[in-house]
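J.: Next input, structure requested:
(2 chains)
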Amino acid sequence: MGVPDQRSLCAGETKLDPSVVSRSGSYRVASAKIVWQCFEDELVVINLETGKYYSINATGAAIWKLMEAGWSPEASLSCLLDGVPGEEARRQVLAFWAGLLEEGLISPDPAQSGEPSGDVPVVLPWSPPSIAVFSDMQELFLVDPIHDVDDAGWPSRPPEGN
Amino acid sequence: MTGSLAQAPPEFFSAVRERFDQAAARAGSVDRCFEIGGRAALLRFAGRALHDVLTPALDHLAAPPDSPPDLTVLLFDTATTGVAPPPPAWASDAFRPRGEIEGFDDGRIRTAFQLGADVLLMYDRERREALYWSSDHRKIPYWERSFPLRTVFHWWLEDQPLQPVHAAAVGLPGGGVLIAGLSGSGKSTAALACLDSDLLYAGDDYVLVRTSPTPHVYSLYGTAKIEPDNLARFPRLRAAAANGDRLDREKALFFVNSFAPEKLTSGFPIRALLVPRVTGRPGTSLRPSTAAEAFRALAPTTLCHLPGAEGAALAKLGALVRQVPAYTLEAGTDLAQIPETILGLLLRPENS
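T.: Predicted coordinates:
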């Protein structure tokens, strides 16, 4: 420990497959154990089921807000890339959605239509969405919670443990 | 979770509480009052053994014994009293990594089993009463002795603008700094380096922050922990380690009250949040940082260690980092420069 264990999950640096994303579908935050706070230029997301946490840049934060409001990936493209040319930007946005899916942060939401609604976040100037993944807390969650148990069923270990 | 509950949470709480009464009747009870975040907490022990293990970390917060308690904690262990709690009322696969018991939080009763320390914790929000059980006080690990009851304090203060956080705190009576970071990030080293300066010490690992009306930190534990390898940098402290015979397998644990009580403070207003970064160079300096970076240093490690900490705790931590400036503490090898740098920050006109 000491230095955060970090890797980048940016669209250009990974093999994220945009085809896993349902372009016209809606998504929601996958679990109540996924919590977040939005700052001026960064969204911090914490998954309390895995211990992983994420730093998402301003473009990614805008996509997150659209996702929360029920916008589909396709609708997010039209919103975010208004005036931004190029197929590469489309691929980056969809790869970001794929990254959220791969990390288990979002899941399909059949209850929503995927139609645009709510306020439109403005992102200027354009920069590709990115996620930095921090896994330094994950060790805590990989501990097998099933210990040896005593006769009454309480987890137990020898006195000299830990 | 597989299987059904053998008992509902309130009934199980009552059953464990009855066992505490039996334990206290057998071993006698010891009452201690402490002032936690400006409120009185009564700790009632069945027998002295757990008392002697858990209270040294809190001694600097001792309050008059007749203080009307806002929280009552009933503590017992089986080895001392011969009384055990009922068997778990949940299935064996209900234990979660943060200590939560899946399906055993009904909004009124909170329950956790702290794996590693093997301690059962329960809290009744309506009665503001908590239960603490260990099979054997001799099994309580050094780290639990360094921050006893942090989960109970978290549950108790959930509805208040108060939050135990994983951070160190040092400062002057008029204001100080939080030092946030992972274990091993250098926050304990930075906090201990301040013991030889004009700065006062509020804690090196867990402190209690108030987010409203103004940011303030309260001391929780008068303890410090450092890696044995790091002890060479603090030769004066070596003899004060409470577990000097176990440094081959434990961090060195210090009760600051036992050797430098004058350095302990009950708390101070928070002027800044520092995130340490060990540079390997001699000098120490500060570099302005962002609220988001401070939040990343403070929130995940705090939330991941506290059972049931979710939205409310997250919001409090978010509010805190938005109210105080954040800096990266580029911590150097010349330890004397660390308190000098922090004092320099605190003595700036905007912080006095």
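
J.: Distance from stretch B:336-344 to the middle of the chain?
T.: Distance of stretch B:336-344 from the chain centroid (Cα atoms, centre = their mean, to the nearest Å) equals 25 Å.

J.: Would you map the strands across chain A?
T.: Shown for chain A, the strands assigned by DSSP state E span residues A:6-8, A:27-29, A:34-38, A:42-47, A:53-57, A:106-108, A:131-134.

J.: do you know which of these lies nearest B:Arg108?
T.: strand A:34-38 (22.5 Å; Cβ to Cβ). Heads up, the C-betas are built off the backbone N, CA and C, glycines and all.

J.: thinking again about what came up before, may I see the strands of chain A organised as a markdown table, with distance to A:Trp71 added?
T.: Shown next, in a markdown table, are the strands of chain A (distance: least, Cβ to Cβ, whole Å):
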| stretch | distance to A:Trp71 |
| --- | --- |
| strand A:6-8 | 25 |
| strand A:27-29 | 9 |
| strand A:34-38 | 16 |
| strand A:42-47 | 16 |
| strand A:53-57 | 16 |
| strand A:106-108 | 12 |
| strand A:131-134 | 18 |
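
J.: so A:Glu115 makes contact with A:Ser78?
T.: No: between A:Glu115 and A:Ser78 there is no contact under Cβ atoms under 8 Å: 11.7 Å.

J.: quick one: low-confidence parts of the chain?
T.: All of this is about chain A. Residue ranges of chain A with pLDDT under 70: A:1-6, A:10-15, A:114, A:118, A:120-124, A:142-147, A:158-162.

J.: wrong one, I was asking about chain B
T.: Low-confidence segments of chain B (pLDDT under 70): B:1-4.

J.: Count the neighbours of the residue of it found nearest chain A for me.
T.: For chain B and chain A, the shortest gap (Cβ to the nearest Cβ) falls at B:Gly184, measuring 3.4 Å. By other Cβ atoms under 10 Å in any protein chain shown, 15 other residues sit near B:Gly184.

J.: Work out for me the element it sits within.
T.: Using DSSP states H and E, B:Gly184 sits within no helix or strand.

J.: Looks like B:Val16 contacts B:Pro85 (just checking).
T.: Yes: using Cβ under 8 Å, B:Val16 is in contact with B:Pro85, at 4.7 Å.

J.: any shared contact partners between the two?
T.: By the contact definition Cβ atoms under 8 Å, 6 or more residues apart in numbering or on different chains, B:Val16 and B:Pro85 are jointly contacted by B:Leu120, B:Trp133.

J.: circling back to that earlier point, now tabulate the strands of chain A in CSV and tack on distance to B:Arg210 and mean neighbour count.
T.: Output for those, formatted as CSV (distance: least, Cβ to Cβ, whole Å; neighbours: other Cβ atoms under 10 Å in any protein chain shown):
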stretch, distance to B:Arg210, mean neighbour count
strand A:6-8, 31, 12
strand A:27-29, 29, 19
strand A:34-38, 19, 20
strand A:42-47, 22, 23
strand A:53-57, 24, 24
strand A:106-108, 35, 16
strand A:131-134, 27, 20
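
J.: Now render these as JSON lines, adding distance to chain B.
T.: Written out in JSON lines, the entries for the strands of chain A read as follows (distance: least, Cβ to the nearest Cβ, whole Å):
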{"stretch": "strand A:6-8", "distance to chain B": "10"}
{"stretch": "strand A:27-29", "distance to chain B": "12"}
{"stretch": "strand A:34-38", "distance to chain B": "4"}
{"stretch": "strand A:42-47", "distance to chain B": "4"}
{"stretch": "strand A:53-57", "distance to chain B": "4"}
{"stretch": "strand A:106-108", "distance to chain B": "18"}
{"stretch": "strand A:131-134", "distance to chain B": "7"}
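
J.: B:Trp156: which of those strands is closest?
T.: So among the strands of chain A, strand A:34-38 is nearest, using Cβ to Cβ, at 21.1 Å.
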